[in-house]
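Participant: Output the structure for:
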Amino acid sequence: MQTLIPTRHRWLLVLVLGSVLSACNGGSDDEEDDDVSVARPANEILLEEGSLHRFHMRSFYRDSVDIDNDIMILDFDNFRPAASNVEPDEDDDQTLNDLPYSKDSWNETTVSWASISNPLLADSIFQKIRSWRVLSNNTLWAPVQRLNQPIYETIDENVFERQLATRFVWDFGGYGDIRTDLDLSGDAIEDYQTLYGFDFLPYAQIWAESGGWVSDGDFDFRFSEGATVYGASRSVASDTLVVESVDNNGEFDLALTRFGQGLADIDTALATYPHAGARLAYRFTVDYSQHHIIYLSFDTALKTVRLYSDNSGGSHIAETAYNEHPENSYIEIDTSALDSADRILLGLPAYFHPIITGPFTSDGSISADISQKAYYYGKRYIRTDELNRLALTPYFFMNNTAKEDIKRAFREWREQEHLDND
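Facilitator: Numbers count the residues shown, from 1 in each chain. Model (predicted):
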């Protein structure tokens, strides 16, 4: 039987899954919080700055004939400090330590920025019910449901993002070439199309190019004094094994994760998808709205798996080993050796490995009848350490000064573009 957990009543989720998460993660929620280790906690920076912001360029299309056909979709995620950094007791308001979260979105029709005070209500993808099942103690537990949306919260010095059964923690410590903070004061905005080799302000060499004309003369889009960008990682707080529902024509569905009904063992289930034969469709969602499908084939003798971008024809993009975990009835596809180009083609981030688990019933009940059982694909979220953190794509947060500089540059560029096309 499925259980609906209202978004803001997180204490019910703890009651339902407390023992499961304890077994899966090695301790209670409190112990888990105490055990989180990051190079530089986020809350101190958030308090110092008063707000932090992430920039997204989602579409940058310019029609060569008619500017009215241009498609400009970009926004900022805005985070402000929580009222408390203490996880509330069960009987208290569970939102007390949540970060206030809003968006600034570009409106091409009005050629202006619009503020969205509660984007989790404004965007329909966050109002979808999405279920998941935790794998722990050789049991795939009954489905739990909740809205498909994040909870950003402060606990002590850290900022966490809760995503279904998984928790991420913001880590502002430097790693690899990524510096903790970078002073942008006086720098040309157009020079920051990329940062440390990663996208930061896409197409800035167009929309922030110096030398155009505005009402106050030649403009020179530069960052103001005090503008700062912070490099951070969104690290996985603890290992979690989970089967998550996947996109099914705009809704989320656990049924699509199930295959191999009635087969006696996992090797038999995998052998139905051999190299040069049928391919298993592995669907997954990244960050609530990015839906992907990759295709898998297996060699059960060599314990290898091939990963494809299509369901027939074409060569595989990568081949890697899979590891067996009989104590918890799953196999884990080790993608740690994939390079960044392969990850982009497959849509696979570095913070989880695909898993296949079973046989289990569809509702978490106990049964000795194999005909009532099947196999499921899911994810192993891998706790981030100093080594695997290097594989994570950085998150770039900026302070309010840098955000306002970028908003002004883009707005003035679009205003001039429309004036020139009148």
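
Participant: Skip the chain neighbours and tell me the closest residue to His56.
Facilitator: Excluding the flanking residues, the one nearest His56 by C-beta to C-beta, 6 or more residues apart in numbering is Asp75, at 5.4 Å. Yep, even glycine has a C-beta here, placed from its N, CA and C like the rest.

Participant: Doesn't the one you found belong to a helix?
Facilitator: No - secondary structure of Asp75 (DSSP: H, G, I helix; E, B strand; the rest coil): strand, not part of a helix.

Participant: where exactly do the strands run in the stretch 301-422 of the chain?
Facilitator: Listed in chain order, the strands of the stretch 301-422 of the chain (DSSP state E, counting those that start in this stretch) span residues 304-308, 318-325, 330-333, 352-361, 373-381, 395-398.

Participant: can I get these in JSON lines with mean pLDDT and mean neighbour count?
Facilitator: Listed next are these as JSON lines, based on pLDDT from 0 to 100; neighbours: other C-beta atoms under 10 Å:
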{"stretch": "strand 304-308", "mean pLDDT": "98", "mean neighbour count": "21"}
{"stretch": "strand 318-325", "mean pLDDT": "97", "mean neighbour count": "16"}
{"stretch": "strand 330-333", "mean pLDDT": "98", "mean neighbour count": "23"}
{"stretch": "strand 352-361", "mean pLDDT": "98", "mean neighbour count": "22"}
{"stretch": "strand 373-381", "mean pLDDT": "98", "mean neighbour count": "23"}
{"stretch": "strand 395-398", "mean pLDDT": "98", "mean neighbour count": "23"}
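
Participant: of all those strands, which lies closest to Asn107?
Facilitator: Smallest distance to Asn107 across the strands of the stretch 301-422 of the chain (C-beta to C-beta): 21.0 Å, for strand 395-398.

Participant: can you list the strands of the stretch 301-422 of the chain in a markdown table and add distance to Phe284?
Facilitator: Formatted as a markdown table, the strands of the stretch 301-422 of the chain follow (distance: least, C-beta to C-beta, whole Å):
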| stretch | distance to Phe284 |
| --- | --- |
| strand 304-308 | 12 |
| strand 318-325 | 16 |
| strand 330-333 | 12 |
| strand 352-361 | 7 |
| strand 373-381 | 7 |
| strand 395-398 | 20 |
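
Participant: Low-confidence regions, the stretch 101-250 of the chain specifically.
Facilitator: Scanning the stretch 101-250 of the chain for pLDDT under 70 picks out 210-219.

Participant: So for the chain, the centremost residue is which one?
Facilitator: Per C-alpha atoms, centre = their mean, the C-alpha nearest to the average position across the chain is that of Asp287, at 3.3 Å.

Participant: Now for it: which residues touch it?
Facilitator: Taking C-beta atoms under 8 Å, 6 or more residues apart in numbering as the criterion, Asp287 is in contact with Gln163.

Participant: what pLDDT does it get?
Facilitator: Asp287 carries a pLDDT value of 95.

Participant: same deal with the one 10 residues further on?
Facilitator: Ser297 carries a pLDDT value of 98.

Participant: Shouldn't it be within a strand?
Facilitator: Yes - Ser297 sits within a strand when classified using three-state DSSP.

Participant: list the contacts for the nearest residue to Gly226 once chain neighbours are set aside?
Facilitator: The spatial neighbour of Gly226 that comes closest, neighbours along the chain excluded (C-beta to C-beta, 6+ apart), is Thr401 at 4.9 Å. By C-beta under 8 Å, 6+ apart, the contact set of Thr401 is 223-228.

Participant: same thing but at 7 Å, please
Facilitator: Thr401 makes contact with 224, 226-227, according to C-beta atoms under 7 Å, 6 or more residues apart in numbering.

Participant: Determine how far stretch 295-305 lies from the middle of the whole chain.
Facilitator: The chain centroid and the centroid of stretch 295-305 are separated by 27 Å, computed with C-alpha atoms, centre = their mean, to the nearest Å.

Participant: scratch that, stretch 130-139
Facilitator: For stretch 130-139, the distance from its own C-alpha centre to the chain's C-alpha centre is 19 Å (C-alpha atoms, centre = their mean).

Participant: cool, and stretch 186-201?
Facilitator: Relative to the centre of its chain, stretch 186-201 is centred 22 Å away, using C-alpha atoms, centre = their mean.

Participant: Kindly report the same for stretch 257-275.
Facilitator: 29 Å.

Participant: Then Gln205 would be within a helix, right?
Facilitator: Yes - secondary structure of Gln205 (three-state DSSP): part of a helix.

Participant: distance of it from Lys403?
Facilitator: Between Gln205 and Lys403 the computed distance is 19 Å (C-beta to C-beta, to the nearest Å).

Participant: neighbour count winner among the two?
Facilitator: Set Gln205 next to Lys403 and count neighbours by other C-beta atoms under 10 Å: Lys403 wins out with 21 against 14.

Participant: for the stretch 51-200 of the chain, what spans make up the helices?
Facilitator: Taking DSSP state H, counting those that start in this stretch, the helices of the stretch 51-200 of the chain run over residues 119-122.

Participant: ok, which stretches of it are strands?
Facilitator: Ranges of strands in the stretch 51-200 of the chain, per DSSP E, counting those that start in this stretch, are 52-61, 71-79, 101-107, 112-116, 129-136, 139-140, 144-147, 151-155, 158-163, 166-171, 181-183, 194-195, 198-199.
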